[in-house]
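[1] here is my input, please return the structure:
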Amino acid sequence: MIISKQEFYVNGVNYIVRTAIDKDAKDLSELRLQIDGETENLDREKGEAFIDIAGFEQIIKTDTENPRNLFLVAVVHDRIVGFSRCEGIYLNRFSHKVEFGVCVLKDFWGYGIGKNLLKESISWADSNGIKKITLSVLEINDKAIKLYRKFGFEIEGILKKDKILSDGNYYNTVIMGRFSK
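    Residues are numbered from 1 along each chain as shown. This next block holds a predicted model:
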């Protein structure tokens, strides 16, 4: 699905949020690899489940053509600094919902980029008949959990000792969902 480009100015930084396009594939492959090495809030360690340029080209094509998918990028001075995806499940019993995921370069945390990617995704979902958005978040990512709650997400469950981080400890994954009115 394609949305209209949105412009934002937060804490002195101008950026746009727009639908991912084919020519973004190379930058997205490099960006995802970098972000995976910057935080343990995501599922992957750097280099795991690597998606190459052709892989991102296919994801962008699928997400552009499918009315229940949305792939957004955040761009600062012609540089992609974050992205989000909503991915629908294609079984009829799950046709009312999508799963949301987001990541932003650490240097661009604090500029509302993740928040605005989420806000645009919610707006898209609400206006396209999608009733539920789900996501998972690491229990120690308090900032993200607070943001999701602010946008109407509720905790639906906990996956206990779901991830092991570099400190050798196990952490829970929080499953959250937002059901549109």
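
[2] please make it C-alpha for all contacts and neighbour counts, starting now.
    Fine.

[3] which strands and helices sit next to the lengthiest helix in the chain?
    Ranked by number of residues, the top helix in the chain under DSSP state H is helix 113-127. The contact analysis (3 or more CA pairs under 8 Å, 6 or more residues apart in numbering; DSSP states H and E) places helix 113-127 against strand 70-76, strand 79-88, strand 97-104.

[4] confirm for me that Thr173 is in contact with Glu139.
    Yes - contact criterion CA atoms under 8 Å: Thr173 and Glu139 qualify, at 5.5 Å.

[5] unless I'm mixing things up, His96 is touching Ile130, no?
    Yes - under the criterion of CA under 8 Å, His96 makes contact with Ile130 at 5.2 Å.

[6] report the inter-axis angle for the longest helix of the chain versus strand 97-104.
    With axes from the mean of the first three to the mean of the last three CA atoms, to 10 degrees applied, the angle from helix 113-127 to strand 97-104 works out at 160 degrees.

[7] grab the nearest non-local neighbour of Tyr111.
    Excluding its sequence neighbours, the residue lying closest to Tyr111 (CA to CA, 6 or more residues apart in numbering) is Val10, at 5.4 Å.

[8] what are the bridge partners for the one you found, then?
    Counting by DSSP bridges, Val10 is bridged to Val13.

[9] wait, doesn't it sit right on Gly114?
    No - judged on CA under 8 Å, Val10 makes no contact with Gly114 at a distance of 11.9 Å.

[10] neighbour count: these two, which is higher?
    Gly114 (22 against 11; other CA atoms under 10 Å).

[11] which residues sit against stretch 93-112?
    Contact with stretch 93-112 is made by 10-11, 13, 31, 34-35, 38-39, 68-69, 81-89, 113-114, 117-118, 129-135, as judged by CA atoms under 8 Å, 6 or more residues apart in numbering.

[12] ok, now how distant is Arg68 from Asp22?
    When CA to CA, to the nearest Å is applied, the distance between Arg68 and Asp22 equals 18 Å.

[13] then Leu28?
    Distance of Leu28 to Asp22, computed by CA to CA: 10 Å.

[14] ranges for the strands of the protein?
    Using DSSP state E, the strands of the chain run over 6-10, 13-19, 70-76, 79-88, 97-104, 132-138, 154-164, 170-179.

[15] in the protein, which helix or strand is least confident?
    strand 6-10 (a mean of 93; mean pLDDT, DSSP states H and E).

[16] return that one as PDB; C-alpha atoms alone will do.
    Taking Å, rounded to 0.1, in the frame of the first residue of the first chain, the C-alpha atoms of strand 6-10 are listed here in PDB:
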ATOM      1  CA  GLN A   6       4.300  13.500   5.500                       C
ATOM      2  CA  GLU A   7       6.800  16.100   6.700                       C
ATOM      3  CA  PHE A   8       7.900  16.600  10.300                       C
ATOM      4  CA  TYR A   9      10.100  19.000  12.200                       C
ATOM      5  CA  VAL A  10      11.100  17.800  15.700                       C
END
